[in-house]
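*Asks:* any chance you can model this:
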Amino acid sequence: MIKKIFGLFLITVCIILSFCISSFAADEISLVINNKKVECEVPPIILNDRTLVPVRVLFEHYDAKVTWNGELRQVMVISGTTVMIFNIDSKIVYLNGAAYTLDAPPVIINDRTLVPVRFISEKLGYVVGWDAATRTVSVSKPKETTSSVTITKPSIKEEDKNKIILSSIKVNEKSDYSEITVTLSQKLAPKVMTLKEPHRLIFDFYDVSCLIDDGNQKSKSDVFTETRWAVHDEFTRIVVETKEECTYKISYISGKNCKITVSVKDGSKKEDEKTPAVDSSDKTNEENSSSSAEKEKPVIVYSGTPVVVIDPGHGGYDPGAVGKDDEGNDILFEKDVCLDISARVKSILSQNGVGVIMTRTTDVAFGEDELSDLLARCDIANNSEACLFVSIHNNAFTNNKANGVCVLYSGLEPSSNYGITGKEFAQNIQNELVDATGLYDRGIVESPGIVVLKKTLMPAVLVECAFITCPTDRAHLESNSGKQKIAQAIADGILASLKQMGALNTK
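*Replies:* Okay, the predicted model is just below:
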């Protein structure tokens, strides 16, 4: 009798376990990206009625760069000039320096970071859908196609008629290289990026009018995986995915239509061959900045739109220096002036064909303390494709007669593979500031201890625009005309530096 009871008990337990397992499997959420089901080591979850998915799985399909800062428990996503910063278990997300509140915070499950899929995807131009019956979250581009055939659109929009026309993309794959021919109405160099895990070469053609739809071509070779292209609002992107690291070259063919041919070849680089872009995905900030700077860096050949990071100093809980009136009342905060001048610099650079990443565009700070905030700004720069970094500040002193302008640089790099040193960069901006404002020339200052100068990989400077504690200097910071002169001077110094580097067309 006892055996029968025990047997029935085992059967009952098995039935319950089977039901629980099947129920768990049925409750599991599926992720579909561009009509293809994506397998995740950690399945998506629903938190506060919002679907969260593994961040790396999501962005591998977006060709964005994802980095993790374990010390800050912070995820950073960079796609072109779009920067998102998430903090684990926090509902605050920073998008291009502006703070937004999420319905559900990012979480860590089984050592995998999950983030809200709808917010991220829609900000990057993707469409998100939810099928409650099948518990499936789908992500796709508005114009999605699986065909590798180039499709011609019927007409060009009126506002696009003055743009360069991109009319076709053709892929010709050989045994050891792949040739991509892009037909344009006139010469246009793409911006180039390299990514790893998996290896990808990315070519972005900005400000073009496209007569094609998204497409892809699978590879049958031992080196290449796929070549795909997608049309975005601001650019058209071509991605070459490879199984190992490759090099490339760009050539131009003259004629009625300018054809840009990109050849991707497998194999080691020759000693005299230049690497056109820096992949910073495997670089980390080191405690000894001097030894880090002495490490050999690849020489950079600039192609396409140069990108500059503008960092408005301070923000959020950190007001920076404070300007006071004769009665001792607070009348001007450094963080506000820095943001105003930075926005003006961005506007000028954008008008001159320079891509700009702002570390912040609103009154925010990125960490719980000053060091965390500064390191987050460095991470934004180091994980982007920027070639210059400019942090904008204002000076202060107990003696209100102290005045003038100066530019700081680290002085740590013995040489620069970017085509300019931090010292040269600082001098270019200092010259413009003194000429434009007439403020006292305090010169350029070597400052190896400044965090945002020693922890950034590219040439970096910190601009002290004027003394906020000096009444005569402060007049420049309080008036729109004064701030515009300062911004124009900084922008002119940046443009001069980009031309010196060969990163900006001088024609």
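*Asks:* so who does the spatially most central residue of the chain touch?
*Replies:* Using Cα atoms, centre = their mean, the residue of the chain that lies closest to the mean C-alpha position is Ile78, 3.3 Å off. Ile78 makes contacts with 64-65, 67, 84, 357, 380, 383-384, as judged by Cβ atoms under 8 Å, 6 or more residues apart in numbering. C-beta coordinates here come from the backbone N, C-alpha and C atoms, glycine included.
*Asks:* among these, which are in strands?
*Replies:* 65, 67, 84, 357 (DSSP state E).
*Asks:* what residues of stretch 207-223 count as buried?
*Replies:* Going by neighbour count (16 or more other Cβ atoms under 10 Å), the buried part of stretch 207-223 is 208-217, 219, 223.
*Asks:* among the contacts of Ile78, show me the least confident.
*Replies:* Ranked by pLDDT, the contacts of Ile78 bottom out at Ala64, which has 73.
*Asks:* I'd say that one and Tyr126 touch.
*Replies:* No: judged on Cβ atoms under 8 Å, Ala64 makes no contact with Tyr126 at a distance of 11.1 Å.
*Asks:* so the two - more neighbours on which side?
*Replies:* Using other Cβ atoms under 10 Å as the criterion, Ala64 and Tyr126 rank with Tyr126 on top: 21 against 18.
*Asks:* and the strands in the stretch 351-500 of the chain, which stretches?
*Replies:* 355-358, 388-395, 405-409, 441-446, 460-467 (DSSP state E, counting those that start in this stretch).
*Asks:* strands paired with the shortest one, and their directions?
*Replies:* Put plainly, it is strand 355-358. Each strand paired with strand 355-358, and its direction, by DSSP bridges: strand 307-312 (parallel).
*Asks:* how about the last one?
*Replies:* Within its sheet, and counting by DSSP bridges, strand 460-467 is paired with strand 388-395 (parallel), strand 405-409 (antiparallel).
*Asks:* in the chain, what helix or strand scores lowest on average pLDDT?
*Replies:* helix 289-294 (a mean of 31; mean pLDDT, DSSP states H and E).
*Asks:* number of residues surrounding Lys37?
*Replies:* Neighbours around Lys37, by other Cβ under 10 Å: 10.
*Asks:* what sits against it?
*Replies:* Here Lys37 is in contact with 30-31 (Cβ under 8 Å, 6+ apart).
*Asks:* element containing it, please.
*Replies:* If you go by DSSP states H and E, Lys37 is part of strand 36-38.
*Asks:* that strand pairs with which strands?
*Replies:* In the sheet, strand 36-38 lines up against strand 30-33 (antiparallel) (DSSP bridges).
*Asks:* dump the partner strand to CSV, restricted to CA.
*Replies:* Extracted C-alpha coordinates of strand 30-33, given in CSV (Å, rounded to 0.1, in the frame of the first residue of the first chain):
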residue,chain,number,x,y,z
SER,A,30,10.6,35.6,-28.2
LEU,A,31,12.7,38.3,-29.9
VAL,A,32,12.4,38.9,-33.6
ILE,A,33,14.7,41.4,-35.3
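*Asks:* neighbouring contacts of that strand?
*Replies:* With Cβ under 8 Å, 6+ apart, strand 30-33 has contacts from 37-38, 40, 43-44, 53, 57-58, 61, 117, 134-140.
*Asks:* drop anything exposed from these.
*Replies:* So, by 16+ other Cβ under 10 Å, the buried ones in the contacts of strand 30-33 are 38, 40, 43-44, 53, 57-58, 117, 137-140.
*Asks:* closest to Met501 among those?
*Replies:* Leu58 (34.3 Å; Cβ to Cβ).
*Asks:* I'd say that closest one and Val117 touch.
*Replies:* Yes: using Cβ under 8 Å as the test, Leu58 is close enough to Val117 to be in contact (6.5 Å).
*Asks:* now do the shared contacts for the two.
*Replies:* Val139.
*Asks:* after the helix or strand harbouring Asp204 comes which helix or strand?
*Replies:* Here Asp204 sits within strand 199-206, counting by DSSP H and E. Once the chain leaves strand 199-206, the next helix or strand it forms, by DSSP H and E, is strand 208-210.
*Asks:* nearest to Ala487, of the ones in strands among the contacts of Ile78?
*Replies:* Using Cβ to Cβ, these come closest to Ala487 at Ile357, 16.8 Å.
*Asks:* got a list of what that closest one touches?
*Replies:* 78, 81, 83, 96, 307-310, 380-381, 384, 386.
*Asks:* which of those sits closest to Pro471?
*Replies:* Ile310 (27.5 Å).
*Asks:* wait, isn't the closest one in contact with Lys346?
*Replies:* Yes: with contact defined as Cβ under 8 Å, Ile310 reaches Lys346; the gap is 5.7 Å.
*Asks:* which of these two has more neighbours?
*Replies:* Ile310 (27 against 21).
*Asks:* how much space between the more buried one and Pro448?
*Replies:* 22 Å (Cβ to Cβ, to the nearest Å).
*Asks:* where along the stretch 351-500 of the chain do the helices fall?
*Replies:* 370-382, 422-437, 451-454, 471-478, 480-501 (DSSP state H, counting those that start in this stretch).
*Asks:* where are the low-confidence patches of the stretch 151-300 of the chain?
*Replies:* 151-161, 175-176, 197, 250-300 (pLDDT under 70).
*Asks:* hang on, isn't Leu495 packed against Val345?
*Replies:* No: the pair Leu495 / Val345 is not scored as a contact, 10.5 Å apart, by Cβ under 8 Å.
*Asks:* settle it for me: which of these two has more neighbours?
*Replies:* Val345 (28 against 21).
*Asks:* give me the helices and strands touching the strand or helix carrying the more buried one, please.
*Replies:* In the assignment (DSSP H and E), Val345 maps to helix 334-351. In terms of contacts (3 or more Cβ pairs under 8 Å, 6 or more residues apart in numbering; DSSP states H and E), helix 334-351 is packed against strand 307-312, strand 355-358, strand 388-395, helix 480-501.
*Asks:* and the angle from the last one to strand 405-409?
*Replies:* Going by axes from the mean of the first three to the mean of the last three Cα atoms, to 10 degrees, helix 480-501 is angled at 40 degrees with respect to strand 405-409.
*Asks:* helix 480-501 to helix 422-437, inter-axis angle?
*Replies:* Going by the same axes, to 10 degrees, helix 480-501 makes 140 degrees with helix 422-437.
*Asks:* Ile108 touches Val75, doesn't it?
*Replies:* No: counting by Cβ under 8 Å, Ile108 stays clear of Val75, with 9.9 Å between them.
*Asks:* now for the two: what residues contact both?
*Replies:* With Cβ under 8 Å, 6+ apart, Ile108 and Val75 have common neighbours Ile88.
*Asks:* who has more neighbours out of those two?
*Replies:* The neighbour comparison of Ile108 against Val75 (other Cβ under 10 Å) goes to Val75, with 22 against 13.
*Asks:* can you tell me which residues contact Asp222?
*Replies:* Lys243.
*Asks:* list phi and psi for it.
*Replies:* Per-residue torsions, Asp222: phi -90, psi -10 (degrees, to the nearest 10).
*Asks:* low-confidence ranges, the stretch 301-450 of the chain, go.
*Replies:* 301-304, 414-416.
*Asks:* contact partners for Ser384?
*Replies:* Ser384 touches 78, 81, 83, 307, 309, 357, counting by Cβ under 8 Å, 6+ apart.
*Asks:* can you tell me the closest non-neighbouring residue to Ile310?
*Replies:* Ser342 (5.0 Å; Cβ to Cβ, 6 or more residues apart in numbering).
*Asks:* that neighbour: how many residues sit nearby?
*Replies:* Neighbour number of Ser342 under other Cβ under 10 Å is 26.
*Asks:* still on that earlier bit, C-terminal to the strand holding Lys37, what's the next element?
*Replies:* strand 45-47.
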